[in-house]
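>>> sequence plus predicted model, see below.
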Amino acid sequence: MTCPGSRMFIAPFLVTVLLLLMPLSAMASPAAVSVGLSVGACKAVFSAPGGQISLKSASGGKASFRSGVSIEAVSPGVIRAGSVKLKLPVSISGNALMKWNDRPYRGHFKLTQQGGAFNVINVLGIEDYLKGVLKMEVNPAWPLESLKAQAIIARTYALRNKNRHGSSGFDLCALNHCQVYRGVNAEDPVLSKAVDLTRGIVLRYQGAYAATFYHADSGGHTADVSSVWGSSIPYLIGKPEPQKYQSPYSNWQVSMGLSEIQNILASKGVRVGNLTGIAVSSRDSAGRAVNLTLTGTGGQTTIKASQFRTMIGPDRVRSTFFTIGGNSPGDPLPMPTCAPGPANEESPPLSAKDEQMLIAFTQQGVFNTEELMDMLIKPQRRGFYLRKALEKQSGVGVPVKATSSAPSFAGGRVTFTGRGWGHGVGLSQWGAKSLAEAGWDCKRILKHYFPGTVLSRLSN
Ligand SMILES: [Zn+2]
């Protein structure tokens, strides 16, 4: 990163330059985070209306300014603040709320070298940081307990991901990649209350910060992390929503041309010649697509449904809870989740293939409500029901892809009909909202979505 030459730069509102020894704000405590606001900046304006700004270089140089200062990169590792040159890294603190490029931020700033430019970093306490984050994640009008759950999740996420951008000199970026952070402008009194009421509380699993994934809407059943990202995490398992709810994402449908899908996939390195068909080749226990088979003139390949969704665009194919064709996926199969480990003493657990067959039969409506309830209450009887269904079908097993209505690709188009929005792992925001409305507190909500984790308070 380079910046335009070292032209003389006159700060428009620089009043005085005071080469005084100014006390800097306290060094970052363990409960502080550093957030990268701008990477490779050439210019920046810092102000502290009604106050004073102090700059301190790690190599010893210092400068103070009343109200504000404009800063410019002059050469690799060197900035000019007003008429003073300072070596990076430089800390910037103020005795009033400071603004960077007219946007207010709590805490203080740090500038670090980025080639011939600099990075602008906001260093602040974790609680203040969360107040600048939460509005981008939740709606302040939602029930307080769901907002508190989200505050705990965001706090845990930030601390678990500290140093994620260590090579650039900060912990977290201010974008979607980490958590969207907008400083004081994004603060909201209700969300600040949710942060204050959960101050220092995080979610841990076996002592470590838990991986607090969340998504907008599970569509009725959360996803097992292993079916989305491969590795298995004990507290990120697929679970049915405790109660039904409606969200703007409960049902969706998207239609796309096979050629468009083919072009997108090819640009990501997935090629089957001319794409002629797509089928769901396996589903998880809830009915969520896990693998897709793509058929083309050049052959066939299998791709993870979550990968497919990411490639096509997670805002178009909103979840992997879809069928191909015009039919909406059925209600998620209620699977026992609270049965203690070796509950199936009467018969061995079903194999993955048997599970899939059972799900296929369920989706075909082979079982009535009473039978489904019986399986839910007595999971050990699922083998019995599977055999019964197989007998009904003259012993012919049903491959999973037969559960979707045979997809037709009329006009070279394919229609995905689905439920929910997001990867489905961890907490469902619309699910949490509905549970808070039903009187669940944040602790109970988090215990449901992250079973086996515990809430604990930071030690400082
Ligand atoms: Zn990031």
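Done, it's in. Please read these numbers as outputs of a predicted model, since none were measured by experiment.
>>> pLDDT weak spots in the stretch 51-200 of the chain?
Judged by pLDDT under 70, the stretch 51-200 of the chain has no weakly predicted residues.
>>> what does it put close to the ion?
Among all residues of the stretch 51-200 of the chain, those adjacent to the ion (criterion: Cβ under 5 Å from the ion) are 173, 177-178. Heads up, the C-betas are built off the backbone N, CA and C, glycines and all.
>>> switch to 8 Å and redo it
Of all the residues in the stretch 51-200 of the chain, those in contact range of the ion (Cβ under 8 Å from the ion) are 161, 164-165, 172-173, 175, 177-178.
>>> just the buried residues from the residues you listed, in ChimeraX please.
Those of those that meet the burial criterion (16 or more other Cβ atoms under 10 Å) are gathered into one ChimeraX selection, given here:
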select :161,164,165,172,173,178
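>>> and the residues of the stretch 51-200 of the chain next to the ion, which of them are in helices?
Nothing among those maps onto helices, per DSSP state H.
>>> phi, psi of whichever residue of the stretch 1-150 of the chain sits closest to the ion?
Ranking the residues of the stretch 1-150 of the chain by distance to the ion (Cβ to the ion) places Gly36 first, at 7.5 Å. Note on Gly36: its backbone torsions stand at phi -80, psi 110 [degrees, to the nearest 10].
>>> who's in contact with it?
Gly36 makes contact with 119-121, 165, 168-170, 172-174 under the criterion Cβ atoms under 8 Å, 6 or more residues apart in numbering.
>>> that one and Asn122, how far apart?
According to Cβ to Cβ, to the nearest Å, Gly36 and Asn122 sit 8 Å apart.
>>> between these two, which contacts overlap?
Contact criterion Cβ under 8 Å, 6+ apart; residues bridging Gly36 and Asn122 by contacting each: Ala174.
>>> mind listing the helices for this structure?
For the chain, the helices defined by DSSP H cover 126-131, 144-160, 189-197, 225-229, 258-267, 305-312, 352-363, 369-377, 382-392, 429-437, 442-449.
>>> re earlier: leaving out sequence neighbours, find the closest residue to the residue of the stretch 1-150 of the chain closest to the ion.
Taking Cβ to Cβ, 6 or more residues apart in numbering as the measure, Gly36 lies nearest to Phe170, with 4.1 Å between them; neighbours along the chain are not counted.
>>> from Ala154, how far off is that neighbour?
The span separating Phe170 from Ala154 equals 17 Å under the rule Cβ to Cβ.
>>> repeat that for Glu137.
As it turns out, when the distance is counted by Cβ to Cβ, Glu137 lies 6 Å from Ala154.
>>> neighbour-wise, which of those two wins?
Between Glu137 and Ala154, Ala154 has the larger neighbour count (other Cβ atoms under 10 Å), namely 24 against 18.
>>> looks like that one contacts Val133 (just checking).
Yes: contact status for Ala154 versus Val133: in contact at 5.5 Å, counting by Cβ atoms under 8 Å.
>>> what touches both of these two?
Gln179.
>>> domain ranges for this structure?
When the chain is parsed into structural domains using automatic domain parsing, the resulting residue ranges are 31-125, 132-212+426-460, 249-425.
>>> span of the shortest one from start to end?
Domain 31-125 has its terminal residues 6 Å apart, counting by Cα to Cα, to the nearest Å.
>>> for the residue nearest to Leu435 when sequence neighbours are not counted, give its distance to Pro242.
Using Cβ to Cβ, 6+ apart and skipping the chain neighbours, the partner closest in space to Leu435 is Ile445 (5.2 Å). The spacing between Ile445 and Pro242, counted by Cβ to Cβ, is 10 Å.
>>> now do Gln253
Here Gln253 is placed at a distance of 27 Å from Pro242 (Cβ to Cβ).
>>> repeat that for Cys178.
30 Å.
>>> likewise Leu292?
When Cβ to Cβ is the yardstick, Leu292 and Pro242 sit 30 Å from each other.
>>> could you do Ile53 as well?
Distance from Ile53 to Pro242, counting by Cβ to Cβ: 52 Å.
>>> those two: who's more crowded?
For Ile53 and Pro242, the more surrounded residue by other Cβ under 10 Å is Ile53, and the numbers stand at 24 against 14.
>>> my read is that that one contacts Ser91, right?
No: under the criterion of Cβ under 8 Å, Ile53 is not in contact with Ser91, lying 10.8 Å apart.
>>> tell me where the model's unsure across the stretch 301-450 of the chain.
Screening the stretch 301-450 of the chain residue by residue with the criterion pLDDT under 70, one finds the ranges 326-328, 330-408.
>>> who are the contact partners of Thr112?
Thr112 makes contact with 88-89, 118-119, 121, 168-170 under the criterion Cβ under 8 Å, 6+ apart.
>>> mark which of those are part of strands, please.
When those are checked against strands using DSSP state E, the ones located there are 118-119, 121.
>>> could those go into CSV alongside neighbour count?
Conversion of those to CSV gives the following (neighbours: other Cβ atoms under 10 Å):
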residue, neighbour count
Phe118, 31
Asn119, 23
Ile121, 27
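>>> for Asn95, state which of those residues is nearest.
The closest of the ones in strands among the contacts of Thr112 to Asn95 turns out to be Ile121 (Cβ to Cβ; 19.7 Å).
>>> so how far is Leu55 from the closest one?
The spacing between Ile121 and Leu55, counted by Cβ to Cβ, is 14 Å.
>>> Leu134 now?
Leu134 is 31 Å from Leu55, where distance means Cβ to Cβ.
>>> same check, this time on Gly125
The gap separating Gly125 from Leu55 is 21 Å, by Cβ to Cβ.
>>> skipping adjacent residues, who's closest to Val45 in space?
The shortest distance from Val45 to any non-neighbouring residue, by Cβ to Cβ, 6+ apart, is to Ser70 (5.0 Å).
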